[in-house]
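Chemist: Quick one, fold the following:
(one chain, ligands or ions: 2)
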Amino acid sequence: MESNKPGLTAEMISIEEALRIIKNNIPDPVGQEYEIADAVGRLLAEDISAPEPSPRFTNSAMDGYAVRWEDVREATPDAPVSLKVVGESQAGFPFQGMVRTGETVRISTGAMLAPGCDTVVRVEDTEEQDGRVRILAVKKQGQDVRYQGEEFQAGDLLLARRTKISAPHAALLAAVGVTRVKAYRPCEVAVLVTGSELVSSGEKIAEHQIRDSNMLMLKAAIEESGGKVTSCRRVVDEEQATVEAIGQARADIILCTGGVSVGRHDHVKDAAEANGYRPLFWKIRQKPGKPLYFARKEATLLFGLPGNPVSAFMCFAHYVRPVITALNGLPFGWPTVSGEAADDITNKGSRTNMVRVQLTWRQNGGYCITHAEKQGSHMLTSLSEADGYLILEPGQTLSRGERGDVYRYDFRREPV
Ligand code: AMP
Ligand code: MG
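Modeler: Numbers count the residues shown, from 1 in each chain. Ligands and ions are numbered 1, 2, ... in the order given. Down below sits the predicted model:
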């Protein structure tokens, strides 16, 4: 029988263990039908096969004359072949009759090849006069003809599942008459900010109060990661209010901040469990962001981020963002970039350190990594003045000139 409170010991787990638990608990992304216009930017949740061939009908690649090869094969500038113009096949208005020996029809690009014809001669190689046209030059039978199905046949795979639908994909779908596709719907996130000391930025503030920076930060980070914010609420540090707020939140991920430490006024863990969430871990051997809490109830995941904005953001970047991307149908991963340390960077602490760094692009190519000056977990400038973070184990040094992977804060870059 599984313990009712797994992981809720004082013991800290490693980053790898936390990631393993999170990955094991991510539900499958959910596919939904969309109009093509609304599916752009989303990932296909199904393979799309061509419902019809392309080209749909055999047509002309040039403005010119549709001819029978047997009639024109000997044509040269010195000995042109003269044909009678019996009609026209225009884009949108095909020629209705049959072209016989010694006859031709004018044809425009994309127009249906006239029955009886097998070749197109471009205007530049002809001279028309008094209802007849002189064919001055030809290369081969079938020239400038686009054959039905030469690009793809009905039933061929057009777009594979997990293709991110871009403008050309939308055009391709429109071209074959596909109007709706199944794509992964965006991961929905409900934000719940806890703290009786908080007031909104811009509100009148008393000396003992704190401006709430987490709500705006998380909303922006969720949206930048491709998630959809379903609600944003602030709740005071009272158990009943926290229980109710968690109970009312509807989303794939309930993202709480604050109230996950050991203080008497920290209620997120108990409130989650009162709502039927099963705790999966609490506390990671890392700095910053140690008291991260993770729980699950059926397909809903709940993260209790530390209240400290720097810790909250670091936990979001490393643990929540990859879940959002996975629920959007993308790989679980991070946007990273490799760089070379400008100087020795050492983790002198006893926990794994997410060291905030700056990246500089050098003239000769490649990124140079510098240790951001401010690292205080109470200093938001430690984030705003950094481009990302390195993960260093206790005692580990990234020596000057050594290469390291930087986890970028530029969330719009997708993991590869
Ligand atoms: P907590 O995790 O609730 O103990 O909060 C840790 C620290 O972060 C406290 O100093 C809080 O005042 C601060 N804090 C918590 N939530 C926020 C927030 N939304 N915006 C800014 N600071 C916060
Ligand atoms: Mg608090």
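
Chemist: Could you give the separation of stretch 69-77 from the chain centroid?
Modeler: Here stretch 69-77 is found 54 Å from its chain centre; the criterion is C-alpha atoms, centre = their mean, to the nearest Å.

Chemist: Would you point out which residue of the protein is nearest ligand 1?
Modeler: The nearest approach of the chain to ligand 1 comes at Gly307, 2.5 Å away (C-beta to the nearest ligand atom). All C-beta atoms are positioned from the backbone trio N, CA, C, and that covers glycine.

Chemist: ok, that residue touching Glu197?
Modeler: No. Gly307 sits out of contact with Glu197 when judged by C-beta atoms under 8 Å, with a separation of 9.3 Å.

Chemist: which of those two has more neighbours?
Modeler: Higher neighbour count among Gly307 and Glu197: Gly307, with 25 against 15, using other C-beta atoms under 10 Å.

Chemist: before we move on, back to that, ok now do the nearest residue to the residue of the chain closest to ligand 1 once chain neighbours are set aside, which residues does it touch?
Modeler: Nearest residue to Gly307, sequence neighbours excluded (C-beta to C-beta, 6 or more residues apart in numbering): Gly258, at 3.0 Å. Applying C-beta atoms under 8 Å, 6 or more residues apart in numbering to Gly258 gives the contacts Val193, Thr194, Gly195, Asn214, Asp237, Asp266, Val268, Leu305, Pro306, Gly307.

Chemist: Out of these, which sit inside helices?
Modeler: With DSSP state H as the criterion, helices contain Asn214, Val268 from among the contacts of Gly258.

Chemist: Out of the contacts of Gly258, which are close to ligand 2?
Modeler: Gly195, Gly307 (C-beta under 5 Å from the ion).

Chemist: Filter the contacts of Gly258 down to the ones in strands?
Modeler: Within these, residues falling in strands by DSSP state E are Val193, Thr194, Leu305.

Chemist: Can you get me a residue count around the last one?
Modeler: By the other C-beta under 10 Å criterion, the neighbourhood of Leu305 contains 29 residues.

Chemist: which residues does it bridge with?
Modeler: Beta-bridge pairing of Leu305 under DSSP bridges involves Thr257.

Chemist: Which secondary structure elements does the worst-scoring helix or strand of the chain on mean pLDDT sit against?
Modeler: Least confident helix or strand, the chain: helix 381-384 with a mean of 93, by mean pLDDT, DSSP states H and E. For helix 381-384, the contact count by 3 or more C-beta pairs under 8 Å, 6 or more residues apart in numbering; DSSP states H and E identifies helix 309-315 as packing neighbours.

Chemist: Check whether the helix it packs on comes near ligand 1.
Modeler: Yes. Judged by C-beta under 6 Å from any ligand atom, helix 309-315 and ligand 1 are in contact via Pro309.

Chemist: Now that helix: average pLDDT?
Modeler: Averaging pLDDT along helix 309-315 yields 97.

Chemist: Identify the residues contacting that helix?
Modeler: Outside helix 309-315, the residues that touch it by C-beta under 8 Å, 6+ apart are 213-214, 217-218, 221, 257, 288-292, 303, 305-306, 354, 376-380, 382-383, 389.

Chemist: Mind listing what's buried along stretch 232-243?
Modeler: Going by neighbour count (16 or more other C-beta atoms under 10 Å), the buried part of stretch 232-243 is Cys232, Arg234, Val235, Asp237, Thr242, Val243.

Chemist: repeat for stretch 207-216
Modeler: Asp212, Ser213, Asn214, Met215, Leu216.

Chemist: likewise stretch 267-274?
Modeler: For stretch 267-274, burial by neighbour count (16+ other C-beta under 10 Å) applies to His267, Val268, Lys269, Ala271, Ala272, Glu273, Ala274.

Chemist: Report whether that stretch contacts ligand 1.
Modeler: No. Applying C-beta under 6 Å from any ligand atom, one finds stretch 267-274 separated from ligand 1 by no less than 8.6 Å.

Chemist: Now do that stretch: everything it contacts.
Modeler: 5, 8, 194, 237-239, 242-243, 245-246, 254, 256, 258-260, 279, 282, 293, 295, 302, 304.

Chemist: which residues does Ala251 contact?
Modeler: Glu188, Val189, Ala190, Thr230, Ser231, Thr300.

Chemist: any idea of the pLDDT on it?
Modeler: In this model, Ala251 is scored at 98, pLDDT.

Chemist: That one sits in which helix or strand?
Modeler: Assigned by DSSP states H and E, Ala251 belongs to neither a helix nor a strand.
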